[in-house]
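Trainee: What follows is a predicted protein model with its sequence.
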Amino acid sequence: MPEARLDSASKFDPARAAEYEQQSRIALAGYDACHELAACMLSAQLGTGSAAKLLVVGAGGPAQEITRAGRMESNWRFTAIDPSEPMLEIARARIAEAGMAGRTEVILGRVEDLPNEPAFDAATLVGVLHHLPGDEAKREILRAISSRLKPGAPLILAGNHYAYASEPLMLKAWGERWRMHGATADEIKAKLGKILQGADPPHSEAAVFALLAGSGFASPKRFFSSLFWGAWIACKAE
């Protein structure tokens with residue numbers, strides 16, 4: 001595994017994995033709405049009642065991409081892949097609780113470990129890209145996903161964009177959201193400091209679009225936004 005990807009996966013140790021779901025709901029205002037809309041966008045693109053096979057990259061944790069979409073579309077099947085064992089264990093539990101273990105393959109690893117053939121009708125990459133340092137690591141994972149999608153297949157991409165320090169008002173509002181949920185001033189300072197040091201989001205929506213275009217995806221459309229977070233749907237070029 002490339003060093004950048006290895007380091008990103010190692011951040012999600014058992015302690016961080018255990019708190020991930022709760023912390024994500026605070027950090028992302030509209031957490032549930034984003035996942036619900038992602039499922040709706042995929043269903044609209046693929047067609048209600050379709051028998052699609054979806055690749056869920058970075059599936060570890062609450063596995064919302066799978067459980068939300070799976071409740072909507074009973075004929076969809078999923079391949080969930082993540083390089084973090086603690087995060088993947090949580091995903092396995094959530095998938096089983098949702099009664100979807102029978103139509104979900106769970107794999108410890110990275111996209112490049114999968115057969116390099118266009119086997120999937122759609123893919124998701126949620127909350128991953130901003131953890132990968134540098135554009136090359138970002139393009140690498142997007143290209144790996146693209147090569148495993150059928151022509152025209154949709155990708156849901158969601159994560160933080162903008163350089164955090166370049167948007168001081170939004171950064172302060174982010175801190176205020178933590179305060180709204182009971183964090184002390186010292187805890188907020190520590191959280192924001194960790195964010196500023198530990199992630200490398202694309203610095204604009206244009207940068208997101210350039211990464212997608214350089215990785216074989218076309219016609220991106222944003223369908224959700226919340227402070228630094230954005231969510232887009234794009235399709236693999238025909």
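Mentor: Okay, I see it.

Trainee: in the longest helix along the chain, what counts as buried?
Mentor: Ordering each helix of the chain by length in residues (DSSP state H) puts helix 31-46 first. Buried residues in helix 31-46, counted by 16 or more other Cβ atoms under 10 Å: 31, 34, 35, 36, 37, 38, 39, 41, 42, 43, 45, 46. Heads up, the C-betas are built off the backbone N, CA and C, glycines and all.

Trainee: now swap in stretch 152-160 and tell me
Mentor: The neighbour-count check on stretch 152-160 (16+ other Cβ under 10 Å) flags 153, 154, 155, 156, 157, 158, 159, 160 as buried.

Trainee: In TSV: these, plus secondary structure, pLDDT and distance to residue 167.
Mentor: What follows is the buried residues of stretch 152-160, written out as TSV (DSSP: H, G, I helix; E, B strand; the rest coil; pLDDT from 0 to 100; distance: Cβ to Cβ, whole Å):
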residue	secondary structure	pLDDT	distance to residue 167
153	coil	98	33
154	strand	98	29
155	strand	98	26
156	strand	98	24
157	strand	98	20
158	strand	98	18
159	strand	96	15
160	strand	95	11
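
Trainee: List just the nearest of the residues you listed to residue 171.
Mentor: Taking Cβ to Cβ as the measure, residue 160 is the one of the buried residues of stretch 152-160 closest to residue 171, at 11.2 Å.

Trainee: pLDDT at the closest residue to residue 67 other than its chain neighbours, what is it?
Mentor: Of all residues not flanking residue 67 in the chain, residue 98 sits nearest, at 4.2 Å (Cβ to Cβ, 6 or more residues apart in numbering). Per-residue pLDDT puts residue 98 at 95.

Trainee: got it, and residue 65?
Mentor: For residue 65, pLDDT reads 95.

Trainee: contacting residues around it?
Mentor: 35, 38, 39, 56, 59, 124, 126, 156 (Cβ atoms under 8 Å, 6 or more residues apart in numbering).

Trainee: now it: how far from residue 81?
Mentor: According to Cβ to Cβ, to the nearest Å, residue 65 stands 12 Å off from residue 81.

Trainee: The residue nearest to residue 67: what's it in contact with?
Mentor: Contacts of residue 98 by Cβ under 8 Å, 6+ apart are 63, 66, 67, 70, 71.

Trainee: returning to that earlier point: what residues are shared contacts of residue 65 and residue 81?
Mentor: Joint contacts of residue 65 and residue 81 (Cβ under 8 Å, 6+ apart) are 56, 59.

Trainee: follow-up on the earlier one: reformat the buried residues of helix 31-46 as CSV; add pLDDT and distance to residue 23.
Mentor: Output for the buried residues of helix 31-46, formatted as CSV (pLDDT from 0 to 100; distance: Cβ to Cβ, whole Å):
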residue, pLDDT, distance to residue 23
31, 94, 10
34, 97, 15
35, 96, 16
36, 97, 20
37, 98, 21
38, 98, 20
39, 97, 22
41, 98, 25
42, 98, 25
43, 97, 28
45, 97, 30
46, 97, 31
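
Trainee: On the three-state scheme, residue 51 is what?
Mentor: coil (DSSP: H, G, I helix; E, B strand; the rest coil).
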